[in-house]
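[1] sequence first, predicted model second:
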Amino acid sequence: MKEDILKYGLPTLTRKTLIDMYAMMLRIRMFEERIVDLYPEQEMKCPVHLCIGQEAIATGVCLNLRKDDYVFSNHRGHGHALAKGSAMRPLMAEFYGKVTGCSRGKGGSMHIIDVENGILGTSAIVAGGIPMGVGAALASSIRKEDRVTVIFFGDGAYDEGALYESFNFASLKKLPVVFFCENNFYATNSHQSARQSACRISDAASAFDSHGVCIDGNDAIEVYKAAEDSINRARKGGGPSLIEAKTYRWKGHVGPDADYEKGCRPKEELLYWMERCPVKVMREFILSRNAATKDELAEIAASITDEIDDAVKFAKESEYPPLSDLLTDVYAPVKEPL
Amino acid sequence: MGKLNIVGAINSALFEEMGRDSDVIIIGEDVGRDGGVFRVTEGLLERFGPDRVIDTPLSELGIIGAAVGLAAYGMKPVAEIQFMGFLYAGLEQIFSHAARIRSRSRGRFSVPMVIRTPYGIGIKPPELHSESSEALFCHMPGIKVVVPSTPYNAKGLLKSAIRDPDTVLFMEPSRLYRSIKADVPDGDYVVPLGRASILQEGKDLTVVSWGTMLHKAAEAAEGFDAEIIDLMTLKPFDEEAILTSVKKTGRLVIVHEAPRIAGFGAEVAALVAEEAIEYLKAPILRVAGFEAVVPMARLEDFYMPSLERIKKAYERVMRY
């Protein structure tokens, strides 16, 4: 342990944490890349919003969370689910619209839910999860439980009124919530500079008398440190924080393709960010500190490949929901009369 | 006269109305540089400039709220919301303000605004991208609701909606956007709001439908002597056309994809029950979506009224 501190600079950042961080980022990357490979088969029955390029954020945050902490995510939520503990099988099955999916094949990629691992909901409405996340934090505050809620949203949510209403309330009540903004600079195809007069989203925290910090979202260690600070603060009753992590999605807003070919964004911009690949940065850090060997890292990749192969096979072999599923789960089941 | 799909027809209506009236402006997310999610507003920014084709933040409440302010100020905004389910985030501005400003200001202000949004099942993403919630808006006094079904009426109805002095919700059937190509006159023409169109005359059975479902209802009518009414405007709707037809045929089937309970079909059925019950030879039937959230593609096929379900309803009223 002492040796770890000397090497990696933080009491909590052990060799194991570093390896876990790399493994999770790679797991998210390879999972998303497999979707890219499989999508042209047209068997996946839903639109997918991929998070390739943003893996350090979900990873660095969720490694600081307990299983019973809550995460509210958004339409780009595969990485959050995996990092918070979701298995690959129900996720992949959900994308194929199968009954074994996490939403019984009804919700698809934009509506991931995993109650056991604390992922209470995602939806297609940008900023739609923010008021709900604050509600969950209010509930743990009322019940005096030391659970923390992290709400992931993008820079697009900074445009939505829901953020401000929610932040104000969370700050007023000193709720145990972390507002985590993954600033990838684009809401669909509109750049941040075309939508916002301010360029530092984290400065908004000061308007709500809260802690705000802007970090490099492609550096998992920096994300880990910032998240650890804010999550601890929230758990100890210090109220909400706003973390803005600057990053970049490598694929288009939706679907498996890069979007520079369609003229949505400059190719040079993508190349700039690919140079700063979060997985590569972590890999180089680990190798440079001799925290693991190349062979050990290759073993991690091999086991992830197996996990993905298994999830895809499971998804493809699973059944579609039966016709009777159409009408279920709309209301609570009617109890038998006494 | 040229052949256009519905995207092209709506685009052409916007071009012409913006050319005709400098108060007409477009506002929405990605409507300018990007030309809209479905490319309906393509080319408008280049032609009319950024003061009249306004890319907004990602903020449904903000888009609609700004449009209400523009309209009250005297302009004629055409706001685009990317999918009908996203409109829910802006309902407060529609229901609490746009619909009421005329009444609240005792007629001194009105809100001549159009909200365009694609609706309905058709492009495969589930739930909020496939909503068909026309009945919600029909229920709110102060709003008009229009649903085109062809390139011709899409262009003519949108022109009427833009010129209308009140707030109009213009629901564009996403499934039909590019699937029908038909003749659309080049010059200026309007299709008036509040009037239905008789797609096909018939003696035995009246079928009332709109938007995407109109085409299925018509296809299912093969072999029946059915009179098919395309309602086009749901609020205010053409009561006269329905009553005249039902008095002739004595039978009524209504087809829509929104859930049956409190769907707009109930309003049509109630009208006939109240005004023409003595002419009926059979019960009024509705073929509609289910009391469920629109599911993913496999179940979506079950959800949407099928030719078989529609035909069964026609047979049932004929057999009665």
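    Arrived safely, thanks for sending.
[2] how about the residues of the stretch 151-300 of chain A by chain B?
    A:156-157, A:159-162, A:187-190, A:194-196, A:264 (C-beta under 8 Å from any C-beta of the partner chain). To be clear about C-beta, it is placed using only N, CA and C from the backbone, and glycine gets the same treatment.
[3] could you pull out the helices for the stretch 151-300 of chain A?
    A:161-172, A:192-195, A:204-207, A:220-235, A:267-275, A:278-288, A:294-317 (DSSP state H, counting those that start in this stretch).
[4] sorry, wrong one. I was asking about the stretch 51-200 of chain B.
    With DSSP H, counting those that start in this stretch as the criterion, the stretch 51-200 of chain B has helices at B:60-73, B:91-93, B:101-104, B:134-139, B:151-163.
[5] now for the second one, which elements pack on it?
    What that stands for is helix B:91-93. If contacts are counted by 3 or more C-beta pairs under 8 Å, 6 or more residues apart in numbering or on different chains; DSSP states H and E, helix B:91-93 sits against helix B:60-73.
[6] and the helix it packs on with helix A:161-172, angle?
    120 degrees (axes from the mean of the first three to the mean of the last three C-alpha atoms, to 10 degrees).
[7] alongside chain A, which residues does the stretch 201-320 of chain B contribute?
    So the stretch 201-320 of chain B meets chain A at B:Phe290, B:Glu291, B:Ala292, B:Val293, B:Pro295, B:Met296, B:Ala297, B:Arg298, B:Leu299, B:Phe302, B:Tyr303 (C-beta under 8 Å from any C-beta).
[8] which pair of those residues spans the longest distance?
    Greatest spatial distance in these: B:Glu291 and B:Ala297, 19.9 Å, computed using C-beta to C-beta.
[9] any idea how far the residue nearest to B:Lys281 when sequence neighbours are not counted is from chain A?
    Distances taken as C-beta to C-beta, 6 or more residues apart in numbering or on different chains put B:Gly250 closest to B:Lys281, at 3.8 Å, once the chain neighbours are dropped. Plainly put, B:Gly250 is 33 Å away from chain A if you go by C-beta to the nearest C-beta, to the nearest Å.
[10] pLDDT score assigned to B:Gly250?
    If you check B:Gly250, the pLDDT there is 98.
[11] now it: phi and psi?
    phi 80, psi 0 (degrees, to the nearest 10).
[12] show me the strands in chain A, by range?
    Applying DSSP state E to chain A gives strands spanning A:70-72, A:119-121, A:149-154, A:177-183, A:186-187, A:190-191, A:211-216, A:241-246.
[13] now the strands for chain B?
    Using DSSP E, strands in chain B cover B:2-4, B:24-28, B:53-55, B:76-80, B:114-119, B:143-146, B:167-173, B:182-184, B:197-200, B:205-209, B:226-230, B:233-235, B:252-259, B:285-289.
[14] about what we covered before: Serialize the residues of the stretch 201-320 of chain B next to chain A to TSV and add fields for neighbour count and distance to B:Met75.
    Formatted as TSV, those follow (neighbours: other C-beta atoms under 10 Å in any protein chain shown; distance: C-beta to C-beta, whole Å):
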residue	neighbour count	distance to B:Met75
B:Phe290	18	41
B:Glu291	12	40
B:Ala292	18	40
B:Val293	18	37
B:Pro295	27	40
B:Met296	28	41
B:Ala297	17	41
B:Arg298	18	45
B:Leu299	24	43
B:Phe302	18	45
B:Tyr303	21	39
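[15] who's in contact with the residue in the stretch 1-150 of chain B that chain A sits nearest to?
    Proximity of the stretch 1-150 of chain B to chain A (C-beta to the nearest C-beta) peaks at B:Pro57, 3.3 Å away. By C-beta atoms under 8 Å, 6 or more residues apart in numbering or on different chains, the contact list for B:Pro57 reads A:Asp159, A:Glu160, A:Ala187, A:Arg195, A:Gln196, B:Glu29.
[16] roughly how far does it sit from B:Ala273?
    47 Å (C-beta to C-beta, to the nearest Å).
[17] also A:Ala93?
    Computed as C-beta to C-beta, the A:Ala93 to B:Ala273 distance reads 47 Å.
[18] these two: which is more packed in?
    A:Ala93 (25 against 13; other C-beta atoms under 10 Å in any protein chain shown).
[19] correct me if wrong: the more buried one contacts A:Ser103.
    No. Under the criterion of C-beta atoms under 8 Å, A:Ala93 makes no contact with A:Ser103, lying 9.7 Å away.
[20] okay, now A:His191: neighbour count?
    A:His191 is flanked by 15 other residues according to other C-beta under 10 Å.
[21] where does it land on pLDDT?
    A:His191 is assigned a predicted lDDT (pLDDT) of 94.
[22] please name the nearest non-neighbouring residue to it.
    Spatially, and ignoring its direct neighbours in sequence, A:His191 is nearest to A:Phe185 (5.9 Å; C-beta to C-beta, 6+ apart).
[23] that neighbour - how many residues pack around it?
    Neighbours of A:Phe185 (other C-beta under 10 Å): 19.
[24] ok, now A:Lys262?
    Per other C-beta under 10 Å, the neighbour tally for A:Lys262 reads 11.
[25] B:Phe38 and B:Tyr177 touch, don't they?
    Yes. B:Phe38 lies in contact with B:Tyr177 (C-beta under 8 Å); the separation is 5.8 Å.
[26] please enumerate the shared neighbours of the two.
    By C-beta under 8 Å, 6+ apart, B:Phe38 and B:Tyr177 have these common neighbours: B:Val7, B:Pro118.
[27] ok, the closest residue to A:Val36 other than its chain neighbours - contacts?
    Take A:Val36 and drop its neighbours on the chain: the residue closest to it by C-beta to C-beta, 6+ apart is A:Pro256, 4.1 Å away. By C-beta under 8 Å, 6+ apart, the contact list for A:Pro256 reads A:Ile35, A:Val36, A:Tyr39, A:Pro40, A:Val48, A:Leu50.
[28] so can I have JSON lines of the residues of the stretch 151-300 of chain A next to chain B showing distance to B:Tyr119 and neighbour count?
    Shown next, in JSON lines, are those (distance: C-beta to C-beta, whole Å; neighbours: other C-beta atoms under 10 Å in any protein chain shown):
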{"residue": "A:Gly156", "distance to B:Tyr119": "23", "neighbour count": "26"}
{"residue": "A:Ala157", "distance to B:Tyr119": "25", "neighbour count": "26"}
{"residue": "A:Asp159", "distance to B:Tyr119": "24", "neighbour count": "21"}
{"residue": "A:Glu160", "distance to B:Tyr119": "22", "neighbour count": "24"}
{"residue": "A:Gly161", "distance to B:Tyr119": "24", "neighbour count": "17"}
{"residue": "A:Ala162", "distance to B:Tyr119": "23", "neighbour count": "22"}
{"residue": "A:Ala187", "distance to B:Tyr119": "22", "neighbour count": "25"}
{"residue": "A:Thr188", "distance to B:Tyr119": "19", "neighbour count": "17"}
{"residue": "A:Asn189", "distance to B:Tyr119": "23", "neighbour count": "19"}
{"residue": "A:Ser190", "distance to B:Tyr119": "23", "neighbour count": "25"}
{"residue": "A:Ala194", "distance to B:Tyr119": "28", "neighbour count": "14"}
{"residue": "A:Arg195", "distance to B:Tyr119": "26", "neighbour count": "20"}
{"residue": "A:Gln196", "distance to B:Tyr119": "30", "neighbour count": "17"}
{"residue": "A:Cys264", "distance to B:Tyr119": "26", "neighbour count": "17"}
